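*Asks:* Everything below, folded, please.
(chains A and B)
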Amino acid sequence: MKEGNTTVLFGLYDDEVDLLNAVKKANEAHLDILDVYSPFPVHGLDPLLGLEESRLHIAGFVYGSLGTMTAFGVMTWVFTRDWPIIFGGKPYWSVPAFIPITFELTVLFAAIGMVVTFYTICGLGPGVKAEVLDDRITDDKFCIAYDVSNMASDKISELKSFFSGTGASSVSTKVI
Amino acid sequence: MSAPVAPVRLPLVEGGKSYHDITEDIVSPTENAPGTAWVIAFLISVVTLGFGLFCIFWTIYMGIGTWGSNRTIGWAWDITNFVWWIGIGHAGTLISAILLLFRQKWRTGVNRAAEAMTIFAVMCAGLFPLIHMGRIWLANFIFPYPNTRGPLWVNFNSPLLWDVFAISTYFTVSLLFWYTGLVPDFATVRDRAKGIRKRIYAFLAFGWTGKAKHWQRWESLSLVLAGIATPLVLSVHTIVSFDFATSVIPGWHTTIFPPYFVAGAIFSGFAMVLTLMIITRKVLNLQEYITVEHIESMNKVIVATGSIVGVAYLTELFVSWYSGYVYEQFAFYNRAAGIYWWSYFGMMLCNVISPQFFWIKKLRRNITFTFFMSIFINIGMWFERFVIIATTLARDYLPSSWSYYMPTWVEVGIFVGTMGLFFTLYLIFTRVAPVVAIAEVKSILKTAGDQYIGEKANDGDHKNSAH
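*Replies:* This next block holds a predicted model:
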C-alpha cells in the first residue's frame, strides 16, 4: 500500500459484537474489506477476515535453534579446539556444564529474533508514522475500512448503506 | 451480551466501566500534573539514589576495603542484596508469562506494573556483582568476545558465568516482553495527546494502529514469549542458587537449593508487587482495576510459596541431622543458634510463620493487613539470603579463621541507594506509562466486568455506551 494515495471509507462501531456482525454481512455481500482496526484483539475476527494463523512461532523456533547451536558450538570450539583447559579434572568437552548457557541463549535468540521479526513484518518501529483513521480507534471504537480510491460512486453509496445497515455510529473518508 | 463465566468467578473490573472509562481512568494519571505525595516521594527517592551513587563512587575510588567484608566472609551484603533484588524481580515475569499460559484473567490488572518492577529490580540486582568486582572498568571481561588477551575465554563451566548469561537474558527478554505489551497502550496515549506529548508518544508507539493482522501477530508473539519466559524465570533463580549449590561449603552444597530459591523468589516478588500495588492503586485511584480480588489472588500465591519455603527450611534442618555429617550439622546449628541467631529467627518469623495467616480468607482480603505482611515478607526474605550467605561463611572449616561481619556505612548506603534507584524509576514509570495494561483489561471486560458477572450484573442487553 503506497502512502498518501489511498482513499479510505471507514465506519466506526461501538461494540465488538456489532463489528463481528458487520464483518459477517460484508462477507455475505462480497465486499472487499481493506482492514479492520480495534482497541484490543477481537476474538473470532481472524477467520471472518480470512487471516491465516500467524507463522511467527515457527520463526521463533528457528531463532531458538540458532541460539542453541551458537551457544553449544562456540563453547565446544573454545574448550576443545581454541583453548582447552581442564577444570576440576573434568573432560574438555563437559556437556552437562554447557546446558545452562545453551538454554539461556536459546531463549535470548528466540525472543530477540521474534520481536524484531514482529516489528519488521508489521512495518512498525521507532519513528514510523501511524496512519490513524480516527483517534478513538485506540480507545473504544471498532473500525472497518474500505479502499475507495478507484471506486465508482454507486459502489461507494452501496458501502455507505452497508455501514448504516450494520449500525455504524459514524462513517467518514480519509486519504492515507 | 456476556460470555458464559463460571458463577464462582468474581468481577475483576468494578464500577460498571465502559471501554472509554477504562482508557480515561488509566491514561489520565499520565496527563495530569503529579500530586504533592508523588513529588515528595520522588524527591526522597532521588536523594537516596544520590547518596547511593556517592557510596558506589566511594567504593570504586577507595576500593572494596570500605566494606565490612573480610577474608573469611567474602560475600556479604552485596551478594545478599543481589539475590534479594533478583528474587523480587521474579514476580513480574511470573505474573505476565506463567499466568498468561494458565489463562488467569486477574493477571491483566497487575502485569504491567509488576513487569516494570521486575526490570527495575534486575537493574538494582545487576549493580552488586559489578561493583563487587572491585575493578568495575574491567567488567566487560565477563563477556566472551574475541579479545587481544590470547584470546582468553571466560569459564563456561562456572555458575558465576551462567549467572551472567541468565541475568542478562532475563533482563533483555523481560524488557522486550514489557515493551511489546506497552506499544498498543502508548498508541492509546498518543491518540489522546496533543503537541509535544503527541510526538513523544507517537515515537514510543512505533506507529501502532490496531490492525486485525497486527493484533493477531501481537497475541501470537505474547503467547510464545510467555512460553519461553516461563522456563526462563525458573532457570534464572535456579542458576543463582547454583552459585551456592555447586560450591563445597556445608549448608550451600545442597540439591534442594534450586526449587527452594525459585519458590522464595516468587514469594518475595509477590510481596513487593503487593507493597507497590497497594500504594499505587490508592494514589492513582485504580481500586476498580486492582481490586481486593486481585490482592486475594496474590495472597494465595504468597501462602503457597511461603509454605514451600517453610517446608524447604525444615527439610534442610532434617536432612542435615539425618545426614550424620558433622560439618553439615554444625552449619545448621550455627545458623539457628550461632552468632547470627537473630537473622535466622527473623527469617523464620517473617517467612514461615507470618504468611500462614493468609489461610484465613478475611485476612487475605484485608488490605492494611496485607500491606504490613508484604513488608514483613520482604524483610524476611532479605534475612534468608543473609543467613545463607554471611552466617554460613562466618564459621568455615578452620576455627582459626572464624570471623564476624558488620556492614559499613558504605554498604548500607549502596543498599539504600538501590532502593532509591528502584523507587525513582518506578515513580517515573507511573507518570509516563499506563500502569495497567489498557488493551488487556478491555479484552477481559465482558467476562470480568461487574456489570456482566457477579452480584451486580444486570441481565438486560448491555452495550458499551458510546461517549
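*Asks:* What sits closest to residue A:145 if chain neighbours are left out?
*Replies:* residue A:10 (4.1 Å; Cβ to Cβ, 6 or more residues apart in numbering or on different chains). Where you see a C-beta, it was placed from the backbone N, CA and C, and this is true even at glycine.
*Asks:* Who are the packing partners of the helix or strand harbouring that neighbour?
*Replies:* Assigned by DSSP states H and E, residue A:10 falls within strand A:7-13. When contacts are defined as 3 or more Cβ pairs under 8 Å, 6 or more residues apart in numbering or on different chains; DSSP states H and E, strand A:7-13 packs onto helix A:16-28, strand A:142-147, helix A:153-165, strand A:170-175.
*Asks:* Give me the sheet partners of the last one and which way each runs.
*Replies:* Looking back up the chat, that one is strand A:170-175. strand A:7-13 (antiparallel) (DSSP bridges).
*Asks:* what sits up against the strand it pairs with?
*Replies:* The contact list for strand A:7-13 (Cβ atoms under 8 Å, 6 or more residues apart in numbering or on different chains) reads A:19, A:22, A:34, A:133-134, A:136-137, A:141-149, A:156, A:159-160, A:163, A:166-176.
*Asks:* Below-threshold pLDDT in chain B: ranges please.
*Replies:* When residues are selected by pLDDT under 70, those of chain B lie in B:1-7, B:457-467.
*Asks:* Which parts of it are strands?
*Replies:* In chain B, no strands are defined using DSSP state E.
*Asks:* Could you check which residue of it lies nearest chain A?
*Replies:* Of all residues in chain B, residue B:207 sits closest to chain A, at 3.1 Å by Cβ to the nearest Cβ.
*Asks:* Looks like that residue contacts residue A:128 (just checking).
*Replies:* Yes: judged on Cβ atoms under 8 Å, residue B:207 makes contact with residue A:128 at a distance of 3.1 Å.
*Asks:* Who has more neighbours out of the two?
*Replies:* Between residue B:207 and residue A:128, counting by other Cβ atoms under 10 Å in any protein chain shown, residue B:207 is the more crowded of the two (22 against 17).
*Asks:* The more buried one: what's it in contact with?
*Replies:* Per Cβ under 8 Å, 6+ apart, neighbours of residue B:207: A:123-125, A:128-130.
*Asks:* Output these as CSV; include the columns pLDDT and secondary structure.
*Replies:* What follows is the contacts of residue B:207, written out as CSV (pLDDT from 0 to 100; DSSP: H, G, I helix; E, B strand; the rest coil):
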residue, pLDDT, secondary structure
A:123, 90, coil
A:124, 91, coil
A:125, 89, coil
A:128, 86, coil
A:129, 86, coil
A:130, 83, coil
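*Asks:* Could you turn the buried ones of the residues you listed into a ChimeraX selection?
*Replies:* ChimeraX command restricting those to the buried ones, with burial defined by 16 or more other Cβ atoms under 10 Å in any protein chain shown:
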select /A:124,128,130
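*Asks:* Reformat the contacts of residue B:207 as TSV; add distance to residue A:65.
*Replies:* Converted to TSV, the contacts of residue B:207 look like this (distance: Cβ to Cβ, whole Å):
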residue	distance to residue A:65
A:123	26
A:124	26
A:125	26
A:128	30
A:129	36
A:130	34
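*Asks:* can the contacts of residue B:207 go into JSON lines with extra columns for distance to chain B?
*Replies:* Converted to JSON lines, the contacts of residue B:207 look like this (distance: Cβ to the nearest Cβ, whole Å):
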{"residue": "A:123", "distance to chain B": "7"}
{"residue": "A:124", "distance to chain B": "4"}
{"residue": "A:125", "distance to chain B": "5"}
{"residue": "A:128", "distance to chain B": "3"}
{"residue": "A:129", "distance to chain B": "6"}
{"residue": "A:130", "distance to chain B": "4"}
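*Asks:* any idea how far residue B:63 lies from residue B:393?
*Replies:* 20 Å (Cβ to Cβ, to the nearest Å).
*Asks:* typo on my end, it should be residue A:100
*Replies:* From residue A:100 to residue B:393 the distance is 24 Å (Cβ to Cβ).
*Asks:* In this structure residue B:53 contacts residue B:417, no?
*Replies:* Yes: counting by Cβ under 8 Å, residue B:53 sits close enough to residue B:417 to count as a contact (6.3 Å).
*Asks:* So between those two, which is more surrounded?
*Replies:* The neighbour count for residue B:53 versus residue B:417, taken as other Cβ under 10 Å, is higher for residue B:417 (21 against 15).
*Asks:* how many neighbours does the closest residue to that one other than its chain neighbours have?
*Replies:* In this structure, residue B:417 finds its nearest non-sequential neighbour in residue B:52, 1.0 Å apart by Cβ to Cβ, 6+ apart. Per other Cβ under 10 Å, the neighbour tally for residue B:52 reads 22.
*Asks:* isn't residue B:52 right up against residue B:412?
*Replies:* No: contact criterion Cβ under 8 Å: residue B:52 and residue B:412 do not qualify, at 9.9 Å.
*Asks:* Against residue B:229, how distant is the spatially most central residue of chain A?
*Replies:* The centroid of chain A falls nearest to residue A:122 when counting by Cα atoms, centre = their mean (5.4 Å). For residue A:122, the distance to residue B:229 (Cβ to Cβ) stands at 21 Å.
*Asks:* do residue A:89 as well
*Replies:* 36 Å.
*Asks:* just residue B:162 next, same as before
*Replies:* From residue B:162 over to residue B:229 (counting by Cβ to Cβ), the distance is 18 Å.
*Asks:* The nearest residue to residue A:16 once chain neighbours are set aside: what secondary structure?
*Replies:* Closest residue in space to residue A:16, ignoring its immediate chain neighbours: residue A:42 at 4.6 Å, by Cβ to Cβ, 6+ apart. Three-state call for residue A:42 (DSSP: H, G, I helix; E, B strand; the rest coil): coil.
*Asks:* Residue A:42 and residue A:17 touch, don't they?
*Replies:* No: Residue A:42 sits out of contact with residue A:17 when judged by Cβ under 8 Å, with a separation of 9.4 Å.
*Asks:* Can you give the contact residues for stretch B:357-365?
*Replies:* B:292, B:295-296, B:299-300, B:302-303, B:306, B:369-370, B:373.
*Asks:* give me every residue that touches residue 142.
*Replies:* Since you didn't name a chain, this refers to chain A. A:12-16, A:18-19, A:36-39, A:42.
*Asks:* wait, chain B
*Replies:* B:154, B:161, B:164.
*Asks:* For the first one, which non-adjacent residue is closest in space?
*Replies:* The spatially closest residue to residue B:154, leaving aside those adjacent along the chain, is residue B:144, at 4.9 Å (Cβ to Cβ, 6+ apart).
*Asks:* ranking the helices and strands packed on strand A:7-13 by burial, who's on top?
*Replies:* strand A:142-147 (a mean of 24; mean count of other Cβ atoms under 10 Å in any protein chain shown).
*Asks:* That one: partners in the sheet, and parallel or antiparallel?
*Replies:* Assessed with DSSP bridges, strand A:142-147 is paired to strand A:7-13 (antiparallel), strand A:35-37 (antiparallel).
*Asks:* could the ones you listed be laid out in a markdown table, adding mean pLDDT?
*Replies:* A markdown table is the format used below for the strands paired with strand A:142-147 (pLDDT from 0 to 100):
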| stretch | mean pLDDT |
| --- | --- |
| strand A:7-13 | 87 |
| strand A:35-37 | 90 |
